[in-house]
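Trainee: give me a 3D structure for the following:
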Amino acid sequence: MNAATITRQSKSNLALAFISLGRERKRDITVFYAFCRVIDDIADSEGLRLAEKHVRLTKWRQMLQSADPNEPPLARDVRRLIAKYSLPLSMFEEIVAGVEMDLSTRRYATFEELRVYCYRVASAVGLVSIEIFGYRNPGCKEYAIELGLALQMTNIIRDVGKDLQADRIYLPQEDLTRFNYSEPELQDRQYNERFVRLMEFEATRARDFFSRAATALPAEDSRAMAPAEIMASIYRGLLRQMELDKFRVFEKEYRLSKLEKAGRIATQVLKSFLNLPPRTSV
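Mentor: Numbering: from 1, shown residues only. The predicted structure is shown next:
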């Protein structure tokens, strides 16, 4: 399966964000996204044993640096991408390490522990992405880090119910304690005022990251970062939707309508060409 097919089948918001890119950069970011998708699918596969997952992730680490006789075409494409943009292998290592955390870590005691995970699976993805998008100001790296944390925290809030099915709780244990909401209550999907306050706390944390990202984005790079700003807008809308509905994440799966997504994409593309400053709110 090639990178374009993998990306198309994922039906991800990220794929929609690529609409603002030129043909070459769109092709290149599609290769990178396909790599991220394949790595993530290995960890989430219900048909693979734990040991086999580790073997496959280790294999990908090796293929990032050198060819393997039985490698998929995507591996060659990723190495070409790394060479073309002089992409740091360390960032690819971080992404694989983040996915591996899902194989062994199912609870996070503190937000600082969770932050490491979010950095690896989201901020590192952002740091590679901005190299492909192209930027001039090194401050863009801080933008990528903060936006990655914002997007991943929004994912965590949205997927609380779904993650429970895989016995994964990303909400920090210290936060559950702070709001006197126990893990057994979470396992039972008990929806009450304490749960809502807990989720409001996490949503505020996500919003803070969105604000820091907006502040960090250099004005001269706003046009190049249009794909990232599309993602930011879609996820801010998703966060707002959950807030207005009081986080009924146990009973429904939140997503923006196609019309709202289209509107947000059009707005961000227009803003990027007019070089308007990024929004810090919904």
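Trainee: center of this structure, which residue is that?
Mentor: In the chain, the centroid-proximal residue (CA atoms, centre = their mean) is residue 122; its distance is 4.2 Å.
Trainee: how close does that one get to residue 197?
Mentor: Using CB to CB, to the nearest Å, residue 122 is found at 25 Å from residue 197. Yep, even glycine has a C-beta here, placed from its N, CA and C like the rest.
Trainee: before we move on, what about residue 146?
Mentor: Distance from residue 146 to residue 197, by CB to CB: 25 Å.
Trainee: contacts only, for residue 118.
Mentor: 148-149, 152-153, 156 (CB atoms under 8 Å, 6 or more residues apart in numbering).
Trainee: again, but for residue 110
Mentor: So residue 110 contacts 172-174 (CB under 8 Å, 6+ apart).
Trainee: most neighbours, which of these?
Mentor: residue 172 (21 neighbours; other CB atoms under 10 Å).
Trainee: that one and residue 116 touch, don't they?
Mentor: No - at 11.8 Å, residue 172 does not count as touching residue 116 under the criterion of CB atoms under 8 Å.
Trainee: give the contact list for residue 71.
Mentor: Neighbour list for residue 71: residue 63 [criterion: CB under 8 Å, 6+ apart].
Trainee: just the ones of the contacts of residue 110 in helices?
Mentor: Mapping the contacts of residue 110 onto helices (DSSP state H) picks out 173-174.
Trainee: the stretch 101-250 of the chain: helices as residue ranges?
Mentor: 111-118, 124-133, 140-158, 160-165, 173-178, 183-187, 193-216, 226-244 (DSSP state H, counting those that start in this stretch).
Trainee: pull out the buried residues from the fourth one.
Mentor: Think helix 160-165. 160, 163-164 (16 or more other CB atoms under 10 Å).
Trainee: residue 146 and residue 197 - which one has more neighbours?
Mentor: residue 146 (22 against 14).
Trainee: quick check: the gap between that one and residue 63.
Mentor: From residue 146 to residue 63 the distance is 31 Å (CB to CB).
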